[in-house]
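Peer 1: Could you work out the structure for the sequence below:
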Amino acid sequence: MAHIDFLARADRFQESLRSLWERLLDRSPGEVLISTNVAYLEAWVAMSDARGSAQIAGPPELEVKLVAFHDALKVLSSHTDQWYVDRAAEDTDARQARAQRLWGKVEAKRSEYISLGQKTLSK
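Peer 2: Next up, the predicted model:
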């Protein structure tokens, strides 16, 4: 159950991250951007809070995949945080392209985590 909760929170985080990207790309007004950023940060905290329970739940081989997935999300989140801080910069296309590459890496790690979870937790 802890792994399902973590994955659901990770999905919510990814949705909030996409919303923040959309606000950054369309250069939304300050109050809209700030509220979207707050929701994104809250989703990060909720996901991170669920991580420990999933790690303790094990099994060890699944924990390795969970950590790799979470680490990929951290890299993507750090990129997004920097984009938010430097949002006035004009290099939006480069930031978006890097974000999409990082998103692909996150999705690959997510798939590995889910695949192993299905195999190990269905026994």
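
Peer 1: Please enumerate the helices of this protein.
Peer 2: 2-25, 30-57, 60-85, 92-121 (DSSP state H).

Peer 1: Reformat the ones you listed into TSV and put mean pLDDT and mean neighbour count next to each item.
Peer 2: Placement of C-beta: from N, CA and C, glycine included. What follows is the helices of the chain, written out as TSV (pLDDT from 0 to 100; neighbours: other CB atoms under 10 Å):
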stretch	mean pLDDT	mean neighbour count
helix 2-25	96	18
helix 30-57	95	16
helix 60-85	96	17
helix 92-121	94	15
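
Peer 1: how far away is G30 from Q96?
Peer 2: Counting by CB to CB, to the nearest Å, the gap from G30 to Q96 is 21 Å.

Peer 1: no, scratch that, I was asking about S77
Peer 2: 16 Å.

Peer 1: same deal with L116?
Peer 2: Taking CB to CB, one finds L116 at 31 Å from Q96.

Peer 1: how about the nearest residue to R27, chain neighbours excluded?
Peer 2: R87 (7.8 Å; CB to CB, 6 or more residues apart in numbering).

Peer 1: and that neighbour, what does it touch?
Peer 2: 24, 27, 33 (CB atoms under 8 Å, 6 or more residues apart in numbering).

Peer 1: Would you mind confirming that the last one makes contact with E22?
Peer 2: Read it as L33. No - if you go by CB atoms under 8 Å, L33 and E22 don't touch, sitting 10.3 Å apart.
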